[in-house]
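# fold the stuff below for me.
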Amino acid sequence: MLLFHLLLLLLLVPALSQSCEQYALPQTSTTCLCPPGFSGPTCSFPSCGGNLFQGSTRASAQPAQGQQYSNLTSSGCTCQSGWGGEGCNVCLSAGACQSGFWASNFNTTVGQSTPDLSGVSPDQTGNQTITCSADSRVYTSAEMSCDVNNPTLQSLFPLQSSLTILRVLNPSLSLYPNVSSLPVPNATIFAQLWYAGVEQFFCTASSCSQTLDTNGPGSTDWMCNDLECHCRAGTDFCGATAAMNLTGTIDQLGGTLEIACDAVTSSTGAGCTFKQTTLDQLFGANGLSLQNCIFGECVRQGVIDNALVNSNGTSTTTASSSGLSGGVIAGLAVVGGIVLAAILLLLWGLWDQRQARKGAAAGAEAALATEKPPGGIGLQFTDLTYIVPLRSRLSMFLRGRRAAREDATSEDNELPDGSGKWILRNVSGRVEPGQMVAILGPSGAGKTTVVELLAGKRKTGRSSGSITFFSGADGHPLERIPRVGFVDQADILPSQLTVRETLLFAARLRLPETMPDASKQARVFEVLDQLGLSHVAETRIGSGERRGVSGGEMRRVSIGCELVARPAVLILDEPTSGLDSVSAQKVASVLHDLCHDPHNPTIVIASIHQPSSKLYRTFDKVMLLSEGKSLYYGEGGNAAAEYFAGKGLPCAQGYNVADHLLDIASAPPPSLMDAPPAQAPANASTESNGLRHTPSEEGEKSLPADHPLAFAHNRADEIPPPGAGIDRGNLRTSGRYAATFLTQLEVLSGREWKNLCRDWSLFFAHLAVSIVLGVFTGGLYFKTGITIAGFQSRIGCLFFLGSLLSFTALSALHNLSVIRPLFLRERAGGYYSPTAWLLSRVIWDVIPLRIIPTIAVSTITYWMTGLSPTPANFFKFLLILILYALVLTLFNFFYAAIFSNGGIAILLSALFNLAQMTFAGFFVHLDSIPPVLRWLQWLCPLKYTLEALSVNEVNSGLMIQDTLSGVPVDVSAQLIMNLLFGFGDSNYYRDVLVLFAFIIGFGIATITAVWFGLRETR
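Numbers count the residues shown, from 1 in each chain. So this is what the prediction gives:
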């Protein structure tokens, strides 16, 4: 039985402690230790008159008959002289504190260790005089009482509302412990809100810190944590009228509380704010506004003196809250790290560039000698085989193996399984330094494939064979792959540059960094003279829309871009196609002179489609291809005609030998196709005993059996295994570009600047559109009001700006698609790193086409619409839009990199913009989206942009003033923003970091796509 009573007692004690109102401290099983100004078993009765030091003997206001709660107004309670505020707890004079304290019979001195008071006058040391501090600053435990004045609150509750607050900083120094203060473990506040004399709800918050002079001398700011509030059921605020029941809102108040008070400047008191997240949403950024605040704290003068000395007039507790969450601070640290890394990379680039340019004069010739040794370079290729895939394994499976086998037998060049087609079959040859070789054959014979394999181009099919380079001086194989120049049959050149600038661009990027710029320019003028282009050196290349140099001159410019780099081997794909006979002959003459330069011989290999007789005789050697097989490789001129004459295919008198060879290759007899490939050395065509040997026969006589070019007559076609590739021996590459990264960026930026200066149309189009749309948008939302409808228009204006940037950024995608072929050619030629190119594109696309137009449209719209007039909010607004523009630019660059078809890229980008608009939070509330689709909002940059712009606007202190059903409404725009759109009012910096994350993510994705996807593949 005793155990039962003990258990019942243990259960009753918590119940009693929970029944203490005002968050009082449980004292016994039946009583509570009440805050000053309250009494009764549960601290539910407010004091009526008297003074702060009377404690439990102080008279209290009892509830009237039939009423649940006490009413200070109807009870006729009046304050003693020297006391004021709701409940008469605020001292108004030092005499009131002294008389009240001594009348309480508590006259013992509160013992405290004496602090260091050096510098304080002797009459203040240990001063036990009791005084009344009327400042907003708290020394031990201070009372304050304020009038609550808010239009929204007054429209619902028109009678007088007031708020009383007890702020306890150091209860051990209070005059009457446990009476004029409460023994709380840390700085704490106790607050009560009164309406028409009746207490409506009470709150408490702990772990407070006091900061002084936050808003000028004499001001204070209390920051507290763990806010709790309780609504007194049945009061006007808490259920007396069901339509205006605030119980749910008040009981859910929590988190951080801030009480900020101005300095007391007059007898009417000071202004304060009672700020908390929910209150800020209901009543504005300053929370619950308080007026006519009076402060009173009965305290010994010595305590004040000690506090003044220890704090030096600044603050008692330094506020530690920075207003930023840990995640935001971590994100800012990441952004700072990225900026620091960029600066370090720039410094490294400067150092690398300087190191590379040291000893430029001495290193230039050595670098060129390494690329092209004296005596020139020879080339030997053996058994070049190439197969292009025809059908995928899936299509073969769907059609059936038998159908695939039947189709394979219908084409001689198809593989037995129908998965591929022969393009080249065991093509071999040897080119000595200073020789000029023509590759002839009808369309589809494999001419382009041969030159592309020799040039080391990436191919989609399967290839095999070997390619080796040897020194012309001693015939020894080279240890390093020499520079091989390749000229495509299509001239892809920058249209806005002049001929000289185009060659100088190539020279600065392809010649060694150790070579002085003056030497590079001299090399450009040398090539101009060599190619006969000096008279058009300052003429722009031009394009199909704007006339520039002629077709023949353009072809020579393409050749010049390779010649400036001093290639050891120059390979050309149909250099004379599309040119008239005169232009074609000029090109051939240039190549012939280059090849037969006695001091600097260069191998020239060119595929020729249908040369004239004069052009044909320019070449030293000829290779004839038919259906991927080599029918002849040997001396040019009449040697080829004589060889085929011996095969029963004579050339008619006066007929063009080149045309005769093409006729043979177009319809070769089966005996010729089954014969071994004809091969001839340099002295292939000779006379012996009156008989002329074929080049093939002579070649076989002069080569040892184990030589790579000694072929078996009945060599079977071997299918190269997947991934076999071309064997280039043990040749090494340099492993880096000729120019350093910073030089690449400088040269690329210079070209972008010239392109912009010579064609302002795109820039002016963007700027003009931005100005026109800015004026249109500003006029549409001109001086938007602060009603609920006006606030929705403000968000609509911000949404329109974000959508405008989304669609104007599509031009970035188009620009990259247009310049894509030029990048592919220059990257394949080893001009620069893809990263340097992409960085220059981003810089010269973002600054003139994104940032400047964005600033124009944003500035016009911002001030015409009447958004927040503070400069800080305006620049934060610009920051968000610029970050969003950069996100969209990189996103469109990524699409342009992964899709070669610009139409598909634009379509998908437009669909992405549509998805962004859907999940941005403007058309549909984010919380109302079905959970299966709601996660998509986190992938939409426009959502974060619109949220950050909206938060920036409402956090400027924007208040909504409207009338609903005749009731005036004066609430914070934060509440309306959350209700209508679901945006968080503290998410601005989070959204900034998310946009930075999008920039980093899309940047990495774009670099990856450019490096691994945007490369030339033939």
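# for this structure, which strand is longest?
strand 198-212 (DSSP state E).
# moving C-terminal of that strand, what's the next helix or strand?
strand 220-231 (DSSP states H and E).
# show the subsequent helix or strand relative to that next one.
helix 247-251.
# output the contacting helices and strands for that next one.
Applying 3 or more Cβ pairs under 8 Å, 6 or more residues apart in numbering; DSSP states H and E, we find helix 247-251 packed against strand 220-231. Yep, even glycine has a C-beta here, placed from its N, CA and C like the rest.
# pLDDT on stretch 833-843, on average?
Stretch 833-843 carries an average pLDDT of 90.
# repeat for stretch 612-629
On average, stretch 612-629 scores 89.
# can you give me the first-to-last residue distance of that stretch?
23 Å (Cα to Cα, to the nearest Å).
# list the buried residues in it.
Residues of stretch 612-629 classed as buried by neighbour count (16 or more other Cβ atoms under 10 Å): 612, 615-616, 618-629.
# stretch 489-498 now?
489, 491, 493-498.
# ok, the longest strand of the chain: who's next to it in the sheet?
strand 188-195 (antiparallel), strand 220-231 (antiparallel) (DSSP bridges).
# could I have that strand exported to CSV, CA atoms only?
Taking Å, rounded to 0.1, in the frame of the first residue of the first chain, the C-alpha atoms of strand 198-212 are listed here in CSV:
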residue,chain,number,x,y,z
VAL,A,198,-7.0,39.6,-19.7
GLU,A,199,-4.0,37.5,-20.3
GLN,A,200,-4.3,35.7,-23.6
PHE,A,201,-1.1,33.6,-23.8
PHE,A,202,2.3,33.3,-22.2
CYS,A,203,5.7,32.4,-23.5
THR,A,204,9.2,31.6,-22.4
ALA,A,205,12.6,31.2,-24.1
SER,A,206,16.0,30.3,-22.7
SER,A,207,19.7,30.4,-23.6
CYS,A,208,19.4,34.1,-24.4
SER,A,209,22.2,36.5,-25.2
GLN,A,210,22.1,40.3,-24.9
THR,A,211,23.9,42.5,-27.4
LEU,A,212,24.2,46.2,-26.9
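# starting at the chain centroid, how far to stretch 889-909?
Its chain's average C-alpha position is 17 Å from that of stretch 889-909, according to Cα atoms, centre = their mean, to the nearest Å.
# between the two ends of that stretch, what distance do you get?
End residues of stretch 889-909 are separated by 11 Å (Cα to Cα).
# pull out the buried residues from it.
Neighbour-count burial for stretch 889-909 [16+ other Cβ under 10 Å]: 889-899, 902, 905-906, 909.
# between these, which is closest to residue 999?
residue 890 (6.3 Å; Cβ to Cβ).
# which of the buried residues of stretch 889-909 sit farthest apart?
Pairwise over the buried residues of stretch 889-909, using Cβ to Cβ, the maximum falls at 890 and 902, 17.2 Å.
# can you give me the pLDDT of the residue nearest to residue 992 when sequence neighbours are not counted?
In this structure, residue 992 finds its nearest non-sequential neighbour in residue 948, 6.4 Å apart by Cβ to Cβ, 6 or more residues apart in numbering. Residue 948 carries a pLDDT score of 90 in this model.
# swap in the one 10 residues further on?
For residue 958, the model assigns a pLDDT of 78.
# quick one, phi/psi of it?
Residue 958 has phi and psi values of phi -70, psi 130 when expressed as degrees, to the nearest 10.
# can you report how many residues neighbour it?
20 (other Cβ atoms under 10 Å).
# before we move on, the earlier item: who wins for proximity to residue 128 among the strands paired with strand 198-212?
strand 220-231 (25.4 Å).
# which residues sit in contact with residue 570?
484-485, 487, 559, 562-563, 591, 594, 602-605 (Cβ atoms under 8 Å, 6 or more residues apart in numbering).
# one more: residue 103?
Residues counted as contacts of residue 103 (Cβ under 8 Å, 6+ apart) are 51, 53.
# roughly how far apart are it and residue 173?
Computed as Cβ to Cβ, to the nearest Å, the residue 103 to residue 173 distance reads 21 Å.
# can you list the domain ranges for this protein.
Following the TED database, one finds the domains of the chain at 25-102+127-306, 488-566, 741-1013.
# low-confidence stretches in the stretch 401-550 of the chain?
Where the stretch 401-550 of the chain drops to pLDDT under 70, the residues are 401-412, 416-419.
# and what of the stretch 51-200 of the chain?
105, 107-126.
# 90 instead?
51-68, 72-81, 85-87, 98-130, 135, 149-160, 170-186 (pLDDT under 90).
# show me the helices in it, by range?
Secondary structure of the stretch 51-200 of the chain by DSSP state H, counting those that start in this stretch: the helices cover 94-103, 151-156.
# same check on the stretch 801-950 of the chain?
In the stretch 801-950 of the chain, the helices defined using DSSP H, counting those that start in this stretch lie at 810-828, 834-846, 852-865, 871-898, 902-918, 931-934, 941-954.
# doesn't residue 160 make contact with residue 147?
Yes - using Cβ atoms under 8 Å, residue 147 is in contact with residue 160, at 7.3 Å.
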